[in-house]
Every structure is written in structure tokens, then in C-alpha cells.
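J.: show me the folded form of this:
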Amino acid sequence: MKMMLKSLEAFFSSCSLFGSTRGMPFLHSTHLALHNFRALFHSQPSNPIKSVRDVEHTLNVFNGMLHMRPPPPLVRFNQLLAQLAKLEHYHVVIPLFKQMGLMGIPYDASTLSILANCYCNLKQAQAPGLGFSVMPHFFKLGLQPDVTTFTALIKTCLLQTAIEPKTSNPKVNYLDFALKMFHEMLHLRPLPSVIPFNRILTQLVKLKQYSAVISLNRQMLLRRIVPDDYTLNILINCYCHLNQMGFSLSVLGNFFKLGLQPDVITFNTLIHGFVLETQVAEAALIFTKMLEGGHCKPNVVTFNTLIKGFCKKGNNSAAIQLLRNMEESGCEPDIVSYSTIIDSLCKETLVVDAMKHFSEMISRGIAPNVVTYTSLIHGVCNLGQWQEATRLMDQMLSKGIFPDVFTFSVLVDTLCKEGMVVEAKSVVQMMIQRNIEPVTITYNSLMDGYCM
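T.: Sure, this is the predicted structure:
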């Protein structure tokens, strides 16, 4: 065991930390001159801006347009602003808009939509407020914000909801405001397609607002916005996370009612939902239905999810059989497939079988990762095979695989059970020195060691 600790210390002493690189400098432009306005719009009207040189050329053209009398049509200004925004030059678009105002160039709903989108995409804390500041301009001119504007503002609110501290009241306000704007979108004329709504629902799912997504979908149905396969997959995912698998299956039925075809994402989500509920038999039934339907083939995610389900139930033989079926179906197993089975076998103290699968994995050219090694080290430590544990640790470090908090926790737990509390404490100190925060189980193991 002490040899293993020495291996860790030697590995850490050879490691160095590298700072992250900074982003590219921002493009600044001043005193731009008129440069070939006709060429930009008439010679190659469909060519997008591709390089920094193109951006500089575009800025020159824009500046020239500002000084033309009479000025070009507003649509030309909007085209340039839209191209710059598409290339994420948001900090460029905003001052150009201000220059238009100073030169008396009017703006329309399209211009304001571009501006709102730019403000919303700024990586700044004040970005949401800046985006909302565009809204009064719409109302002042009697214009209606379009779906692009609403989508950008809602997305900004939801992103702000994600980054706001949990103790901050604006977190709730941003979410509420996003939901109110979603409701306003439902009253736009003409009614938007389902696609922008799907984008917003996806953002809400990322925030784990599953109930809100289901409620908003009901509002969409009342406004006769017909869901597509993407919408239905979102709903299935929400019901699965809410442990309402019955409703998930009813959404699956809606696919056929609407003449839509479930895809591999649909089935993977359902299988994952049943596995989360440890209803592995039901997950296996969905898998069988998927195969019988013949509409879509299971992929590596499908197999891995079901393998995980069998392993959670302790049915290693079924998991291994599924691994063989995976190979026969032409779907290549990956590191997740093998690591899941190896971990389950080690927990059942079937280390010999785990090592066989480890060797098989390597022979197939699948490189082990920290999860694989941690499972094996845990397995051999539980059997008191210190020499083998040290060999695995050395092999892991020689491959440049960095131990994580779970690897260290396994070592601390094993050392404490062997009465080597001083050594266990040194491992914890090593973790802290390497900015690896010990977890609760790490400290619990150490406390148990002191109490023995």
C-alpha cells in the first residue's frame, strides 16, 4: 500500500499546471472610409463575411453608406448588421446602430430585432437589462417584436436564471419574466411555428423546469400549435424526470396519432426513464419493442443505458449477454459499456471476471479511463490484494490518467479499514494540495478510521 502512495506522490511531483489562454483581441475600428459599396451588394451578394479582412471591409462600406446622400435603403444597413451579428461581432453591431441614429437613419422592426439579439448575446452581467431596453423602441414606433426578438430575450432570461446565485431574488424574476414572454409569443400574429417554442422548451429542460415545460406545452396545444417529434421527445424527457412513466408512454402514443415516427432518442429517453426508476423489466420491454418495430436501430447509448439498468439490479449475466448482443448487432461497445460491467463485477467481488473484461477491452483498442481503474483498484483493495492494487495504480499513472476524488476516496477507505489512519490522512492532505475537494464519503471513512 505504501508503494502505491509513493507512486502517487511521484506522479504529482512531475505534473505542472497550465493557465488558460485568453481569447482573441477584439476588433476595434475608427474613421472608416467608403469602399466599394456596389461591389459588396451587387458583385457577390450571396457571399458571407468570412475573415477579419472581410469584417474591416464591411465596416468601411457601412461607414460610407452613412455618408451617402441620399442614404441607401434601410434593408442594406440591416443586411450588414445581420451578417456581423451572425459572426458574433455583437460589440461591433451596437455602436454601428448608434451611429445610424446620430446620422438620422431610421430603423425598423428588423433593425431592433438584430440589436436586441446582440445585447442578449453579450457575455456581461447587464446584458438582460440592455436587451429589454430595446423593447420601448418597438412600442414607440408602433412595431410588434417578432419571434426572433422574443426568443432572444427569453433565452437571455433563462441563461441569467442559470447563472444567478441561488440566494438572489432576481433568479425567480428572470424565470417568471421568461414565462410571461412565452405567453406573449403565443399571441403573435402570424403565429410562429413550433420550432422557436421547441428551442425555449429545451432551455427550460436544461434548467430542470420540467413541470413548467409540460404546462407551456398545454398552452401551445390550446393555441393550436401542433407539436413535432422534437416537442414530443422533450415531453417524454420531462415526464421521465418527474417519475411519471405512464404519461411518458402516453406521449409515445401521440407519435402515432400525429403520424410521426419515434426515433432512437425517443426510445433511449424512455429506457433511461425506466432505468432511473429501477424498472429494468419495463426498460427491456421498450428495447424489445424498438427491435421489433424495425423503424430505428438501437445505438451505443441504448445498450449502455440498459446495461447500466441490469448492473444496478445486480444482474451481471444479463448485462454481459447484452454486451455480446451489442457486438452481434454491429454496434461497437465503448468505454462506458465495459466500465459499467467492470464496476458492477468488482462490487460483487467478481474481480477475476472484471479483469477478463478489462483485458478484452484493451485488446479491442478501447483505452481505460479513471473510472475503469478506480473500479478495479476498489475491487482488489476489498480483497486485500495490495500488490495488484499498486500495479494498477502504477499502470494508471504511467498512462497519464489522473486520479479523481473517487480514486482517492477508495484509497482513504481502504487504508482506514486496514488501520492505516496516518497514511489515509496523508492521502486526504495530498488531495487538498492538488485542489481535489474531498467529498462526504472521504471524511466519513477517515472518521471511521479514527474510531476503530
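J.: so for the strand or helix carrying residue 136, mean pLDDT?
T.: Using DSSP states H and E, residue 136 sits within helix 135-140. For helix 135-140, mean pLDDT rounds to 76.
J.: ok, stretch 432-449 next?
T.: Averaging pLDDT along stretch 432-449 gives 74.
J.: quick one: residues in contact with it.
T.: Applying Cβ atoms under 8 Å, 6 or more residues apart in numbering, the external contacts of stretch 432-449 come out as 12, 404-405, 408-409, 412-413, 415-417, 419, 421, 424-425, 428, 431. Heads up, the C-betas are built off the backbone N, CA and C, glycines and all.
J.: ok, now stretch 264-283?
T.: So stretch 264-283 is contacted by 229, 232-233, 236-237, 239-241, 243, 245, 248-249, 252, 255, 286-287, 290, 296-299, 301-302, 305-306, 308-310, 312-313, 315 (Cβ under 8 Å, 6+ apart).
J.: now those residues: which count as buried?
T.: 232-233, 236-237, 239-241, 245, 248-249, 252, 255, 286-287, 290, 296, 298, 301-302, 305-306, 308-310, 313 (16 or more other Cβ atoms under 10 Å).
J.: touching, residue 339 and residue 371? I think so.
T.: Yes - counting by Cβ atoms under 8 Å, residue 371 is a contact partner of residue 339 at 4.9 Å.
J.: residue ranges with poor pLDDT in the stretch 51-200 of the chain?
T.: Residue ranges of the stretch 51-200 of the chain with pLDDT under 70: 51-54, 123-132, 160-173.
J.: rerun that using 80 as the cut-off
T.: The model of the stretch 51-200 of the chain has pLDDT under 80 over residues 51-58, 117, 119-146, 148-149, 152-153, 155-175, 177.
J.: name the SS class of residue 384, please.
T.: With DSSP: H, G, I helix; E, B strand; the rest coil as the basis, residue 384 sits in coil.
J.: in the helix holding residue 136, what's buried?
T.: For helix 135-140, a neighbour-count test (16+ other Cβ under 10 Å) marks 137, 138 as buried.
J.: pull out the buried positions in the next helix or strand along the chain from it.
T.: Using DSSP H and E, the next helix or strand after helix 135-140 towards the C-terminus is helix 147-163. Residues 147-161 are the ones in helix 147-163 that count as buried (16+ other Cβ under 10 Å).
J.: give me the spatial nearest neighbour of residue 291, chain neighbours excluded.
T.: Leaving aside its chain neighbours, residue 291 sits nearest to residue 298 (7.1 Å; criterion: Cβ to Cβ, 6 or more residues apart in numbering).
J.: roughly how far does the residue positioned nearest the centre of the chain sit from residue 237?
T.: The chain has residue 206 as the residue nearest its centroid, 7.8 Å off, counting by Cα atoms, centre = their mean. Residue 206 sits 11 Å away from residue 237, going by Cβ to Cβ, to the nearest Å.
J.: what is the neighbour count of residue 253?
T.: Neighbourhood size, residue 253 [other Cβ atoms under 10 Å]: 10.
J.: just the pLDDT at it, thanks.
T.: 92.
J.: give me the below-cutoff pLDDT ranges for the stretch 301-450 of the chain.
T.: Low-confidence segments of the stretch 301-450 of the chain (pLDDT under 80): 386, 411, 413-425, 427-431, 433-434, 436-450.
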